[in-house]
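J.: How does the following fold in three dimensions:
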Amino acid sequence: MNRPDPKLPPRDQMVMGLHALKELLGHAPERLLRIYTVKPSGDRKSDILAACQSRNIPIVYTSLAELTKMAGSDSHQSFVAHIKGRKFFDLKEFFTKVADKERSIVLMVDQIFDPQNFGALIRSAECLGADAIVWSKNRGSDLTATAAKSSCGASELLPLLRVSNLAETAEAFKKEGFEVVASLLDPRAKSLSTFSFAPKTLLIVGSEGEGIQPLLQKKSDHLIYIPMAGKIESLNVAQAAAVLLYSFLEKIKI
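T.: Coordinates of the predicted model:
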């Protein structure tokens, strides 16, 4: 078994890629502990390094091979950042945070095993005003450096709920006044075009292959689908989530 190098930051405290680093510099520079990169060879990279230096963020120059080893991927665009540990909310803390909100939507993802898809879902949720994203630490991708890069920095901005049991979590949301809505192709599902969201909604999406587990479907108050105009039956899960979240924003205006 490959053991983590004790000289390197833990994988769950690293992000990689230019977009993620730019978002952190713009919105949460206090999260950045150290930047690892190669010697700059272009104005774009020099600008980012100058921004890091102006904020007194240490910069360590290393090789591309070492960056790949650190991130567990060669998609780092020559930048890896060591960040302060991510904040994960527990349910009680999150419910207190949104208790006074009249409108709230939370995205729950089930059985999303591709970290790039998971990162794209986090990005969609943050861009379209979700209050949090919920996922299971046992059933799908975790928040890896690849997922964080695919989120383009959204994983550092959006409240995160990493739970053990999605079905129990869905039940907890229902007790707090949320309606649970699952998106899937099913004869029982209602068309999004005619569906009315509740002001507080927990929206569940699943992978194209695995779908949403039956127990979660049973916990749902409503099943919905996105009507297609083309010949392909369905959208990528991150695209579908974006459509659903935007529909909530349009239909629920408080």
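J.: can you give me the strands in the stretch 1-150 of the chain?
T.: Secondary structure of the stretch 1-150 of the chain (DSSP state E, counting those that start in this stretch): strands at 14-16, 32-37, 59-61, 79-83, 104-110, 132-136.
J.: Quick check: can you name the pairing partners of the fifth one and their directions?
T.: Just to be clear, that refers to strand 104-110. Its sheet considered, strand 104-110 pairs with strand 132-136 (parallel), strand 200-206 (parallel) by DSSP bridges.
J.: Using JSON lines, please lay out the ones you listed together with distance to M228.
T.: The C-beta positions use only the backbone N, C-alpha and C, and glycine is treated the same way. Output for those, formatted as JSON lines (distance: least, CB to CB, whole Å):
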{"stretch": "strand 132-136", "distance to M228": "25"}
{"stretch": "strand 200-206", "distance to M228": "16"}
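J.: Including distance to I232, mean pLDDT and mean neighbour count, could those strands go into CSV?
T.: Below are the strands paired with strand 104-110 laid out as CSV (distance: least, CB to CB, whole Å; pLDDT from 0 to 100; neighbours: other CB atoms under 10 Å):
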stretch, distance to I232, mean pLDDT, mean neighbour count
strand 132-136, 26, 96, 23
strand 200-206, 17, 97, 24
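J.: Let me know which of the strands of the stretch 1-150 of the chain is the nearest to E210.
T.: Smallest distance to E210 across the strands of the stretch 1-150 of the chain (CB to CB): 7.7 Å, for strand 104-110.
J.: Which single helix of this structure contains the most residues?
T.: Ranked by residue count under DSSP state H, the longest helix found in the chain is helix 237-251.
J.: Give me the angle between it and strand 104-110.
T.: If you take axes from the mean of the first three to the mean of the last three CA atoms, to 10 degrees, helix 237-251 sits at 160 degrees to strand 104-110.
J.: How about helix 237-251, which residues are buried there?
T.: Within helix 237-251, the residues that count as buried by 16 or more other CB atoms under 10 Å are V237, A238, A240, A241, A242, L244, L245, S247, F248.
J.: Show me the strands in the stretch 151-254 of the chain, by range?
T.: In the stretch 151-254 of the chain, the strands defined using DSSP E, counting those that start in this stretch lie at 160-163, 179-183, 190-191, 200-206, 222-225.
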